[in-house]
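1. Kindly generate the corresponding structure for this input.
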Amino acid sequence: MSIINAQNRKITGYVLNNQTNSPIENVNIFITNEEIGTSSESDGYFSIERIPDSDFKLSFSIIGFQDTSVFITSNDNQINIGKFYLELSVLDFEEINVAAHPELGYTESLSNISLSGSEIQEKMKSTLAASLSNATGIAITSMGQATARPILRGYGGDRFLLTDGGLELGDLSQTSGDHAVSMDMSSAQSVNIIRGAKALLYGTNTIAGVIDIKKNSLPELQFTRQHFHGVLGGVSGDNSSFVNTVYHYPFKNNQITVSALLRNTGEQITPKGTLKNTSSINSGFFAGIANYHEDARTSISVESLTMDYGIPGSPEGHINGVDIEMEKITQKFEHHRDIAFLPNFKTFDIEQRFVKYEHQEYETKKTFAAVDLGQQILYLQGKLTGEDRALGSLIQYRKFIAGGFYWTPDTDEINISIFGFREKEFNFITVQASSRLEFLTIKPETTTLSSVNIDQDQIKERNFYYGSYALSFFKNWQNWKMSSSLMLLQRAPGIEDMFSDGPHLGSYSYEIGEPTLDLELTQGMEMSIGYEKNKFKSTLTSYSNYSPNFHLSSKIGDGYVPGSDWIEWGSGSSGWLYKYKMRGLKARIYGVEFDVSYKADFATISADYSSVFGNNISKDIPLPYIPPSKTRIKLTYNKMKNFTPTIQIIKASSQSRLGEFEQPTDGYTLVDLYGSYNLNLGNGSHKIIFQFDNIYDEVHYNHLSKIKLIMPEMGRSISIQYRFLF
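-> Here you go, the predicted model:
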């Protein structure tokens, strides 16, 4: 049996640059005193099989980085050391006890997506949605380039979480199509899409997954010397320019980090002309200090982000467009500590976060805000983590404030949640179980109510008690892998779902809530199977989700009954806003995703396909705004040492399966070229990244765009980035 175990033992992981978090290719990785070794791939991944059936020393070496050795102590047959970082300066690790480092991660669902290092840099655009748009199962909804928001498996709004380091962003981007996601991608270090049982560690709105963003902020490890790094560049498709710089200054056991960003974006240029009133300006600042000890880390920081952007005019709304100003200030306090007094838990983390968010909507050329929205959110989260378990709680207080011609009442909201996660490995299968119990109280201010479309007697305090549960299963055998999940998730309606009564000028809509909404329940199932042998890799995923009470905001009519279907607003008889009403209905969303890749000696060829369907079971019609099927083929040339060009072809099908009041969209084919070139300047790290999108300047329309009747999507565009590290 020990001979069999030795033959089956395997160690895997990723090798990354500690300063830039980018993968390091061609690192020599070997077991000391054994004739066993390998080299890391382009994404930093490595795998060594037939490792010794005992403790061993693992060595890493590559020119330009410090040679590093670690001592591995583990009895597991499948050892995953997660992300292993190399530094340009001296790095001295004496020993890694795999069983004592839960931060290396739990078993991951095969449908998870992780972007970091060169991969996220080569796909980076101004918005999160645009940067993720070519990932499997992800689409974009927008009202112009600044408001682009990702759609996961047909789900938008508040049915998946957008988090910054594990906690929600704290903006209002999930409530309306004209609200931008409060994130500039020049600040992103990595993006992870998390599904399965692990997703409940973040929240209950996770039927489509969690998009967790890690920024270039305070690092988890202290540097041995000061570092200055950043990115600057420009894009021809919207005449934009951007710069983001970060400076780290270590002293004694402390480290100060400051960063600043500025992005100036012009009007979006399409093959049919310029889309007016789509320019934007983003500016941001970050400052923080961290204190490091052998078994603890404490940090405090403050961050600001302002976004001023335009929404194009439309015959359906404001003819001259809408201008929007957004400002968000975030304060964070974090403390991490290794603990030994609880045998099953190894680390304790506590985080306090305060977010102040303001959003104003102006009719173009007007000096007063027709709509003024704001909120203040206080988070307090504590979490215990072990190698196979986690336990935590979150207290969240939210103060929502509305002004201008927006009649939604000011509201206080308190959310208390307790969550737990457990992973257990059996002889034939690995099982994960998680649960999240929540209490939510929503208390609107009723003394000064002025609602005109909602019965004021129905605007009252609502309390919700609910729980969400998930099971995930994992099995590996020979060259095959399997992961599956069963989910029973509950989601409480938000303030806007129940009490909205006012216009969203940029989305050409007047939105009316439903105060009697109950909990939204979703029963979900996902199954993934993967095959990997030598240089070939493939994964197939299917999913199906059923909701007996699906909350959907939809048009009351199609604009034929003035005052009932729509109202005039600000622009005279030619400018009006559709009325939208929140309803509960039965719905099912299901789909399939497939990807395959082969790495030859000179190139890597890959392809993926995704298709999603949505049914309004209550009316026996399709759900509206479901993305069409999409296929992507990609060829990456990897023979050159410092240059990695990639050409990709994207084919989106037509969408004629339409929901109520929808119009069909033709399919399209796009050809893109992108890549990066590493400069050998002898001082620091330098990289040039290029993106050549829509090479043939094809006229194409996004089915999920709310302005597709005005203009097509962006035409031919060239983007250049310069990334540096000193």
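
2. just checking, what packs against the helix or strand residue 384 falls within?
-> Assigned by DSSP states H and E, residue 384 belongs to strand 371-385. With contacts defined as 3 or more CB pairs under 8 Å, 6 or more residues apart in numbering; DSSP states H and E, strand 371-385 has these neighbours: strand 347-363, strand 389-404, strand 501-504. In short, each C-beta sits where N, CA and C put it, glycine included.

3. ok, 10 Å please
-> strand 167-168, strand 322-338, strand 347-363, strand 389-404, strand 411-425, strand 501-504 (3 or more CB pairs under 10 Å, 6 or more residues apart in numbering; DSSP states H and E).

4. Can you list the strands that the second one pairs with?
-> Spelled out, it's strand 322-338. Paired neighbours of strand 322-338 in the sheet (DSSP bridges): strand 296-311 (antiparallel), strand 347-363 (antiparallel).

5. Show me what residue 400 is bridged to.
-> residue 375, residue 411.

6. Could you count how many residues lie near it?
-> 24 (other CB atoms under 10 Å).

7. and if you look at residue 222?
-> Counted with other CB under 10 Å, residue 222 comes out at 18.

8. One more: the one 10 residues further on?
-> Burial measure for residue 232: 16 neighbouring residues, criterion other CB under 10 Å.

9. elements contacting the host helix or strand of it?
-> Using DSSP H and E, residue 232 sits in strand 227-235. Packing partners of strand 227-235 (3+ CB pairs under 10 Å, 6+ apart): strand 240-251, strand 254-265, strand 685-693, strand 717-725.

10. Please state the offset of the first one from the chain centre?
-> It stands for strand 240-251. 22 Å (CA atoms, centre = their mean, to the nearest Å).

11. With the third one instead?
-> Between the centre of strand 685-693 and the centre of its host chain there is 22 Å, according to CA atoms, centre = their mean.

12. counting contacts, what elements does it pack onto?
-> helix 117-123, strand 227-235, strand 643-652, strand 668-679, strand 717-725.

13. can you list those in TSV and add mean pLDDT and distance to residue 584?
-> Listed next are the helices and strands packed on strand 685-693 as TSV, based on pLDDT from 0 to 100; distance: least, CB to CB, whole Å:
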stretch	mean pLDDT	distance to residue 584
helix 117-123	82	37
strand 227-235	92	42
strand 643-652	93	31
strand 668-679	92	35
strand 717-725	92	42
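
14. can you list the domains in this structure?
-> Under the assignment automatic domain parsing, the domains of the chain span 2-100, 113-725.

15. where along the chain do the helices fall?
-> 2-8, 117-123, 128-132, 495-499 (DSSP state H).

16. Kindly reformat those as CSV containing distance to residue 717.
-> Supplementary listing: the helices of the chain in CSV, determined by distance: least, CB to CB, whole Å:
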stretch, distance to residue 717
helix 2-8, 49
helix 117-123, 14
helix 128-132, 11
helix 495-499, 34
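
17. With distance to residue 629 and mean neighbour count as extra columns, can I get these in JSON lines?
-> As requested, the helices of the chain are exported to JSON lines (distance: least, CB to CB, whole Å; neighbours: other CB atoms under 10 Å):
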{"stretch": "helix 2-8", "distance to residue 629": "40", "mean neighbour count": "11"}
{"stretch": "helix 117-123", "distance to residue 629": "21", "mean neighbour count": "20"}
{"stretch": "helix 128-132", "distance to residue 629": "18", "mean neighbour count": "23"}
{"stretch": "helix 495-499", "distance to residue 629": "30", "mean neighbour count": "24"}
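
18. nearest to residue 593, of these?
-> For the helices of the chain, proximity to residue 593 was assessed by CB to CB; helix 128-132 is nearest, at 14.1 Å.

19. Of the helices and strands packed on strand 371-385, which stretch is the most buried?
-> Per residue and on average, the most neighbours among the helices and strands packed on strand 371-385 fall to strand 501-504, with a mean of 24 (mean count of other CB atoms under 10 Å).

20. May I have it exported as CSV, CA atoms only?
-> The C-alpha trace of strand 501-504 is given here as CSV (Å, rounded to 0.1, in the frame of the first residue of the first chain):
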residue,chain,number,x,y,z
ASP,A,501,-41.3,55.4,-6.2
GLY,A,502,-39.5,57.7,-8.5
PRO,A,503,-37.5,58.0,-11.7
HIS,A,504,-34.1,56.6,-12.7
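
21. one step back: so for residue 143, which of the strands paired with strand 322-338 sits nearest?
-> strand 296-311 (5.4 Å).
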